[in-house]
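>>> coords below, sequence missing:
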């Protein structure tokens, strides 16, 4: 797997490529060699605070607007779930949040209640027999993720970040923590509804070693290079390529 390095050229991974901005976090334009180290550190901290404030504003504004604009859809989906299968409208599950702390993620229920896997270790696959008829559509369209806008408003998640995983999630047949010792580093930031790995095409099953490793590589790349500009780009690609075109799973 020595050649599994992450590249950010536009030719990477076909049409899903997305360019990363320059050293946003490291404030390349703020540092010159004749500026004292202490002053560079202060400017770096200021840049981080500014980026954090802008990201929080983007999250609250985007999640609020999404809840308002999508209210008719949310109601329609809730009715469809409730009238076509037994069980609750929402599915709740414990997942890793920032710093590895657990939180309850919200999703529209897509499976028959008696077949739901609360642990989340048994990943959903294409044509999964556990899915309801409505659930299959929700998975395909990614509408099942919409309740996570509530998680964003609660501060458990961000619009953009590494997707939240369940504890014990498998990668190539073994727990991710064993598969790659860097795994917990992806939890240095809030998890997101969408992320860099997803728009690059690495989402869904992680039974394949290459897919599992590349998803982690892009998650870690986001942690290193996160910025509001990158978030806006990822949101735009998500809306165009995945949300409305139904490339989920």
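Received the coordinates, thanks. Keep in mind it's a predicted model, so treat the numbers as computed, not measured.
>>> in the longest helix along the chain, which residues are buried?
Ranked by number of residues, the top helix in the chain under DSSP state H is helix 37-69. Neighbour counts over helix 37-69 (16 or more other C-beta atoms under 10 Å) mark 47, 51, 55, 58, 59, 62, 63, 66, 67 as buried. For the C-beta atoms, the positions are set from N, CA and C on the backbone; glycine is no exception.
>>> greatest separation within those residues: which pair is it?
Farthest apart among those by C-beta to C-beta are 47 and 67. That separation is 30.5 Å.
>>> spatially nearest residue to residue 108, not counting backbone neighbours?
residue 144 (4.5 Å; C-beta to C-beta, 6 or more residues apart in numbering).
>>> for that neighbour, grab the count of nearby residues.
Residue 144: 23 surrounding residues under other C-beta atoms under 10 Å.
>>> where do the strands sit along this protein?
90-96, 102-108, 158-160, 170-171, 174-175, 192-194 (DSSP state E).
>>> just put the ones you listed in JSON lines and tack on mean pLDDT and distance to residue 238.
Formatted as JSON lines, these follow (pLDDT from 0 to 100; distance: least, C-beta to C-beta, whole Å):
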{"stretch": "strand 90-96", "mean pLDDT": "95", "distance to residue 238": "19"}
{"stretch": "strand 102-108", "mean pLDDT": "97", "distance to residue 238": "16"}
{"stretch": "strand 158-160", "mean pLDDT": "98", "distance to residue 238": "8"}
{"stretch": "strand 170-171", "mean pLDDT": "92", "distance to residue 238": "23"}
{"stretch": "strand 174-175", "mean pLDDT": "94", "distance to residue 238": "28"}
{"stretch": "strand 192-194", "mean pLDDT": "96", "distance to residue 238": "4"}
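>>> ok, which of those comes nearest residue 148?
Across the strands of the chain, closest to residue 148 is strand 192-194 (C-beta to C-beta), at 5.0 Å.
>>> partners of that closest one in the sheet?
The pairing partners recorded for strand 192-194 under DSSP bridges are strand 158-160 (parallel).
>>> pull the residues that contact the strand it pairs with.
Here strand 158-160 makes contact (C-beta atoms under 8 Å, 6 or more residues apart in numbering) with 55, 58-59, 62-63, 152, 189-196, 222, 226, 230-231, 234-235.
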